[in-house]
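J.: Give me a 3D structure for the following:
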Amino acid sequence: MITRRKALRMMTVASAVAWSAAARSGFSMAASVFKEEGGAPPLAPGAPNSAERLALIEAFKKQAEGLEQKYEARTHKSDLVMPYRLFRPEAKGKLPLILYLSGSGGLGTDNLRQLGLGNVFGTRVWLLPENQKRFPCYVVAPQTDRGWVRYDISNGVDFAKLIPGLGDGARLAFEIVDGLCKEFPIDQSRVYVTGQSMGGSGTWHMTAQRPKFFAAAVPLCGADTSEDPSLSMATPMWNFHGDADQNVPVELSRERMATLRKAGGHPLYTEYPGVAHNVWEWAYTEPELPKWLFAQRRS
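T.: All right, here's what the predicted structure looks like:
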């Protein structure tokens, strides 16, 4: 019996083969950092692997210690059950909501893994005291045992076989967000989605399935989905990838950016030279990211 982790590795290897072939066919982008025409927010100073930039990552790790304890455990039940964690801000009034979609390290039903491992960055950055002071918000981190996009489940979840349609993981996440918007004073013009790797693909998937639902999206090194990237064009997007990623090939992000721009979109794209799959350590510690995200509103 193949494990979920092994299946996900197979999925990303299959993607790598496909996108390497695409690159050989003539698709390439030589620049290491791509920005929206007119200028994207400035990045943190220093080359990605410089001592200056790595110090920023280490500082975040210290500042974020213990913040996972601020999440309360909850469970959503419909035709399926999805555990999730919710952070409630101390600030009052209508506030934004961030939906965080974990990478494959968060797979399961224990309602813990989606806050650990590499998911530490994407779940805790919004909870940092300085960010809650400037940008108070709710944060929800659901946990899936079947991925976010739609996979073949005829003989168990086949993570290597994508099929069209809304994935169960994404559907349940939408249900959770819809329920929270009724339960709490959430500003529905400022609901955001972000995720990494498997969660990055979920971010692309959910913005394609409900194009005008989110005020903005931040996908990181997103794995493949069945949708055309242009379906996500209505959502302001800041995409991140490392050019040394051996799990999800960087060509996938480059092609998505090219497709969106050809369709008339204006996504932001940051590609870090020399950074591998753990691009979340750089992306979520970009000082300008919270400022950009919370400035976006859905009309």
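
J.: contact partners of the helix or strand containing residue 171?
T.: Under the criterion of DSSP states H and E, residue 171 resides in helix 168-183. Helix 168-183 is contacted by residues 76, 78, 80, 82, 84, 86, 97, 99, 101, 138, 140, 142, 144, 146-150, 186, 188, 191, 202, 205-206, 209-210, 213 when judged by Cβ atoms under 8 Å, 6 or more residues apart in numbering. No exception for glycine: its C-beta is placed from N, CA and C like everyone else's.

J.: Give the next helix or strand downstream of that helix.
T.: Going C-terminal from helix 168-183, and assigning secondary structure by DSSP H and E, you next hit strand 186-196.

J.: what bridges to the residue nearest to the spatial centre of the chain?
T.: With distances taken as Cα atoms, centre = their mean, the residue of the chain nearest its centroid is residue 195 (1.5 Å). Applying DSSP bridges to residue 195 yields these beta-bridge partners: residue 101, residue 219.

J.: Tell me who's in contact with it.
T.: Listed by Cβ under 8 Å, 6+ apart, the contact partners of residue 195 are 100-103, 122, 148, 201-203, 219-220, 222.

J.: Go again with 10 Å.
T.: Each residue near residue 195 by Cβ atoms under 10 Å, 6 or more residues apart in numbering is listed here: 99-103, 106, 119, 122, 141, 148, 173, 201-206, 217-222, 280.

J.: Just those residues: which are in helices?
T.: In this view, those that belong to helices under DSSP state H are 119, 122, 173, 201-206, 280.

J.: Throw those into a markdown table and include pLDDT, thanks.
T.: Converted to a markdown table, the ones in helices among the contacts of residue 195 look like this (pLDDT from 0 to 100):
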| residue | pLDDT |
| --- | --- |
| 119 | 98 |
| 122 | 98 |
| 173 | 98 |
| 201 | 98 |
| 202 | 98 |
| 203 | 98 |
| 204 | 98 |
| 205 | 98 |
| 206 | 98 |
| 280 | 98 |
